[in-house]
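> the following comprises the amino acid sequence and a computationally predicted model.
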Amino acid sequence: MISFSGVSKRYPGGQDALRGVTFTIGDGELVFLTGHSGAGKSTLFRLIPAIERPSAGSVLVNGQNVSAIKRTALPYLRRNLGLIFQDQKLLYDRSVIDNVMLPLAFSGYAPREAARRARAALDKVGMLAREKANPVQLSGGEQQRVAIARAVANRPAILLADEPTANLDAESAAAIVALFLDFQQVGVTVLIASHDAALVERLGRRVLRLEQGRLAADSGAPDGATQ
Amino acid sequence: MRVWISQHTQALRAALRKLAAQRASNLLNVLAMGIALALPAGGYTLVMNLQSVAQRFSLEPQMSVFLDPLAKPAEREAIERRLKSAPGVAALRFVSREEALKDLRRTEGLAESLAALNQNPLPDAWVVRLGPIPPEALETLAAELGKLPGVGQVQVDSAWARRLAAMMAIGRLGLAVLAALLAAGLVAVTFNTIRLQILTQREEIEVCKLLGATDAYIRRPFYYLGALQGLAGGLTSLAILAGSLVLLNRGVRTLAQSYGSSFELAFLPLGDALAVAAFAGLLGWLGAYLSVSRYLLEIEPR
Ligand SMILES: Nc1ncnc2c1ncn2[C@@H]1O[C@H](COP(=O)(O)OP(=O)(O)OP(=O)(O)O)[C@@H](O)[C@H]1O
Ligand SMILES: [Mg+2]
């Protein structure tokens, strides 16, 4: 469960990126976050793994107040979140499989078990054949899928994706979105930031729309579990 | 425990990978550390060698106990008994004043001046040859004997041994200062290397933090990197030292042979050599620790 209440974020330098944002995402929901460029989507995304702290209000993740989380507790929070970044953040000095094994090593899996889980994740996103490749040798869509494999390798209960379909053609984008739908099917809570209005519209899922840092619209969950 | 071992082997492997990845610059670093450490290590080796020579020379110090001309026979006997029971006495010889005068007469150029004297000015004496004894113990013994009734004067030839010991103490102190300075230098070198390493790996560190790596996990490879570099530097210094000794010994052996000695400079005892390597590793770790504490905290993912 992710819950924002009265969250504002002002970056040093003055700009208000978020203003009084309040919403709750229930377990197992799949929610889109939309808005114009600069509306605050990435800012909202970064508050959940406590990459940024809110200037006001609080952010709860599974009941834990991450806006006041201790530095030493951060790694344990992040291990339970699957994060897919706008700029993927793959490491180009190692192979695809090593990238996917990274978070598993942090969680203390032995190399063999980590490799097994990493292969399962790569298989899931259809990238197992390229496990030995270096990420630079992959196309944008392929890199995106590796980033997804890395995010889900640890089997997190919450998956956060910031613009996972940006710069992808319609077909690749649809394939990526299908993956997220699959994860939701098995009970994962999914939050996807995207400015691809057409794609979001077509799926008919709950949509949170940001406008200049304010929550301008919340279409509500299909089951009506909104605030 | 298994997880712990596995995390450490992973960190070690990561450190080795980094060493291999920047072979040239790491090699230069290790060489610089090796040369820096070879100086105090070499000095220490020389002092050790000198010490063994000095010990051989001061094996048999001598002491002369001159009797008071007015000493009573009972006092003379007490002195003799005391000398015979003194610890570390190797040989004891009584030189009467007549004998001493005869000896002196035999010395060229003195006979005439002695003849001018109408009486023998020399006292009876005991010449004491001692076994191996530290200069301090010798001094104590001399002082004690000097206080016995009937003893005129005690003369010890340990002055030169003292001087040598003092000189070696100064040498050792100088070496300690040099070693401390170079150790600080080594820490600074690793500090900077690790700093550069952290900066070039900034992105990787950020990603690791984002994916849930603990600070300890991120720090560990850098500690290993620093310690490995220090260790390699220590081993290099030992290699430099061994090579220099081989070269030096060629000359030393020829010189020693001309004195009929088979002396040559010995390498550090194994324990000391290992200590040098381990100490260098520790310094490398310290440099890495300081660097990591200073710079890793600054890197926060955005
Ligand atoms: N680190 C930062 N420091 C200062 N201002 C920032 C920072 N990050 C974002 N901002 C500002 O906050 C506002 C929201 O930015 P954010 O990145 O959240 O937008 P976004 O909705 O993700 O946009 P996009 O669709 O282009 O990715 C913008 O006006 C941006 O300039
Ligand atoms: Mg963004």
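Received the coordinates, thanks. Ligands and ions are numbered 1, 2, ... in the order given.
> domains in chain B, as residue ranges please.
B:2-56+B:163-298, B:62-157 (automatic domain parsing).
> I'd like the mean pLDDT over the first one, please.
For domain B:2-56+B:163-298, the mean pLDDT works out to 86.
> cool, and stretch B:70-89?
For stretch B:70-89, mean pLDDT rounds to 85.
> quick one: buried residues of it?
For stretch B:70-89, a neighbour-count test (16 or more other Cβ atoms under 10 Å in any protein chain shown) marks B:Ala71, B:Glu75, B:Arg76, B:Ala78, B:Ile79, B:Leu83, B:Val89 as buried. C-betas here are computed from N, CA, C, even on glycine.
> and if you look at stretch B:44-55?
B:Tyr44, B:Thr45, B:Val47, B:Asn49, B:Ala54.
> which other residues reach it?
B:132, B:161, B:164-165, B:168, B:171-172, B:175, B:179, B:241, B:245, B:263, B:265-269, B:272 (Cβ atoms under 8 Å, 6 or more residues apart in numbering or on different chains).
> make it 10 Å
B:38, B:132, B:134, B:160-161, B:164-165, B:167-169, B:171-172, B:174-176, B:178-179, B:241-242, B:244-245, B:248, B:252, B:261, B:263-269, B:272-273, B:276 (Cβ atoms under 10 Å, 6 or more residues apart in numbering or on different chains).
> in chain A, which spans are helices?
A:41-47, A:74-79, A:96-106, A:111-124, A:140-152, A:170-185, A:197-203 (DSSP state H).
> remind me what the shortest one packs against, helices and strands.
It refers to helix A:74-79. Secondary structure elements in contact with helix A:74-79, counted by 3 or more Cβ pairs under 10 Å, 6 or more residues apart in numbering or on different chains; DSSP states H and E, are helix A:96-106, helix B:202-210, helix B:215-258.
> is chain A contacted by the shortest one?
In other words, helix B:202-210. Yes. Using Cβ under 10 Å from any Cβ of the partner chain, helix B:202-210 reaches chain A at B:Glu203, B:Glu204, B:Glu206, B:Val207, B:Cys208, B:Lys209, B:Leu210.
> for ChimeraX, write the selection for the buried entries among the residues you listed.
Buried subset of those, written as a ChimeraX selection, criterion 16+ other Cβ under 10 Å:
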select /B:204,206,207,208,209,210
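> can you list the residues of helix B:202-210 next to chain A in JSON lines and add distance to ligand 2?
Shown next, in JSON lines, are the residues of helix B:202-210 next to chain A (distance: Cβ to the ion, whole Å):
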{"residue": "B:Glu203", "distance to ligand 2": "19"}
{"residue": "B:Glu204", "distance to ligand 2": "22"}
{"residue": "B:Glu206", "distance to ligand 2": "17"}
{"residue": "B:Val207", "distance to ligand 2": "18"}
{"residue": "B:Cys208", "distance to ligand 2": "22"}
{"residue": "B:Lys209", "distance to ligand 2": "20"}
{"residue": "B:Leu210", "distance to ligand 2": "15"}
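> please look at B:Leu101 and B:Asn120 and confirm they touch.
Yes. Contact criterion Cβ atoms under 10 Å: B:Leu101 and B:Asn120 qualify, at 5.1 Å.
> now, the buried residues of stretch B:44-55 that are in helices?
Per DSSP H, the buried residues of stretch B:44-55 map to helices at B:Tyr44, B:Thr45, B:Val47, B:Asn49, B:Ala54.
> and of these, the nearest to B:Thr140?
Set against B:Thr140, the nearest of those by Cβ to Cβ is B:Ala54 (19.9 Å).
> before we move on, back to that, check the helices and strands packed on helix A:74-79 for me and report the most buried one.
Among the helices and strands packed on helix A:74-79, helix A:96-106 has the highest mean neighbour count (mean count of other Cβ atoms under 10 Å in any protein chain shown), at a mean of 24.
> out of the helices of chain A, which is closest to A:Glu211?
Among the helices of chain A, the nearest to A:Glu211 by Cβ to Cβ is helix A:41-47 (10.9 Å).
> name the residues of that closest one that are buried.
Buried residues in helix A:41-47, counted by 16+ other Cβ under 10 Å: A:Lys41, A:Ser42, A:Thr43, A:Leu44, A:Phe45, A:Arg46, A:Leu47.
> repeat for stretch A:136-147
For stretch A:136-147, burial by neighbour count (16+ other Cβ under 10 Å) applies to A:Leu138, A:Gly141, A:Glu142, A:Gln143, A:Gln144, A:Arg145, A:Val146, A:Ala147.
> now those residues in CSV, with pLDDT and distance to B:Met1?
Compiled in CSV, the buried residues of stretch A:136-147 are given as follows (pLDDT from 0 to 100; distance: Cβ to Cβ, whole Å):
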residue, pLDDT, distance to B:Met1
A:Leu138, 94, 38
A:Gly141, 88, 43
A:Glu142, 92, 39
A:Gln143, 93, 38
A:Gln144, 92, 39
A:Arg145, 92, 37
A:Val146, 95, 33
A:Ala147, 95, 33
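> how about CSV for those residues, with distance to B:Ile218 added?
Converted to CSV, the buried residues of stretch A:136-147 look like this (distance: Cβ to Cβ, whole Å):
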residue, distance to B:Ile218
A:Leu138, 26
A:Gly141, 31
A:Glu142, 28
A:Gln143, 24
A:Gln144, 26
A:Arg145, 27
A:Val146, 22
A:Ala147, 21
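> and those near ligand 2, which?
Cross-checking these against ligand 2 (Cβ under 5 Å from the ion) gives no overlapping residues.
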